[in-house]
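**Student:** could you look at this predicted model? Sequence included:
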Amino acid sequence: ACEKGAQWENALHLLDLMGEARALADTISNNAAISACEKSNRWEQSLAILTYMADDRIAPNIISWNAAVSACASDGRWQEAQHLLASMKGAKITPDVVSYSAFLSALEKSARWEHALAVLKAMFAAKVAPNKISYSAALSACEKCGQWLPALQLLRRMDELKVTPDEICFSAAIGACEK
């Protein structure tokens, strides 16, 4: 419930109460708290919960990591998101399309269009197929910097890969042409 309402303070308080009551906080309860922090743009708290999980021998899963990457993305914290992506591999968690798309969102918010294009290439190298959300974030990064040619090339690539662009993708490409 706290996750849906972005009640990050209540979620953290409930995690503390679980510890005081000697109830074991598991991966699911920690994931909900990370997500509540993400929805409230509290990336630092998301990372703290992820660290706490490791310290408390609770294995973060792909959902834990993705929620933390998304929390960093919500504030444009691309370097932290990039570090989390690298840490996932060290924790033997394979980043998926959600992981990469969240990282791309952080790059978009930071107007790092060249990095976004490099991440799309890295996704193919990792055998993770970018989806509409991945491309949308990369297109929006191009838009912010007026990079119309890469934006048009991304739209062409989407067509080649049978990824159907939506209004957001087209609007970002048009916006890139406008600048």
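**Tutor:** Cool, got the structure. Numbers count the residues shown, from 1 in each chain.

**Student:** mind checking what helix or strand follows the host helix or strand of Ser101 in sequence?
**Tutor:** Secondary structure assignment for Ser101, by DSSP states H and E: helix 97-109. Going down the chain from helix 97-109, the next helix or strand is helix 113-125, by DSSP H and E.

**Student:** how close does the residue minimising distance to the centre of the chain sit to Asp166?
**Tutor:** The centre of the chain sits closest to Ala102, judged by C-alpha atoms, centre = their mean, with a distance of 2.0 Å. Distance of Ala102 to Asp166, computed by C-beta to C-beta, to the nearest Å: 18 Å. (Glycine included, C-beta is placed from N, CA and C.)

**Student:** and if you look at Ala111?
**Tutor:** To Asp166, Ala111 is 21 Å away according to C-beta to C-beta.

**Student:** ditto for Ala32
**Tutor:** Computed as C-beta to C-beta, the Ala32 to Asp166 distance reads 29 Å.

**Student:** of those two, give the one with the bigger neighbour count.
**Tutor:** Counting neighbours by other C-beta atoms under 10 Å for Ala32 and for Asp166 shows that Ala32 has the greater number, 21 against 12.

**Student:** how close does the more buried one sit to Ala141?
**Tutor:** For Ala32 relative to Ala141 (C-beta to C-beta), the value is 30 Å.

**Student:** same thing with Tyr52?
**Tutor:** To Ala141, Tyr52 is 32 Å away according to C-beta to C-beta.

**Student:** same check on Ala176?
**Tutor:** The gap separating Ala176 from Ala141 is 9 Å, by C-beta to C-beta.

**Student:** shared neighbours, these two?
**Tutor:** By the contact definition C-beta atoms under 8 Å, 6 or more residues apart in numbering, Ala176 and Ala141 are jointly contacted by Gln147.

**Student:** between those two, which is the more surrounded one?
**Tutor:** The residue with more neighbours, out of Ala176 and Ala141, is Ala141; 30 against 24, by other C-beta under 10 Å.

**Student:** any idea which element that one lies in?
**Tutor:** helix 132-144.

**Student:** what's around Glu80, how many residues?
**Tutor:** The tally of other residues near Glu80 (other C-beta under 10 Å) stands at 20.
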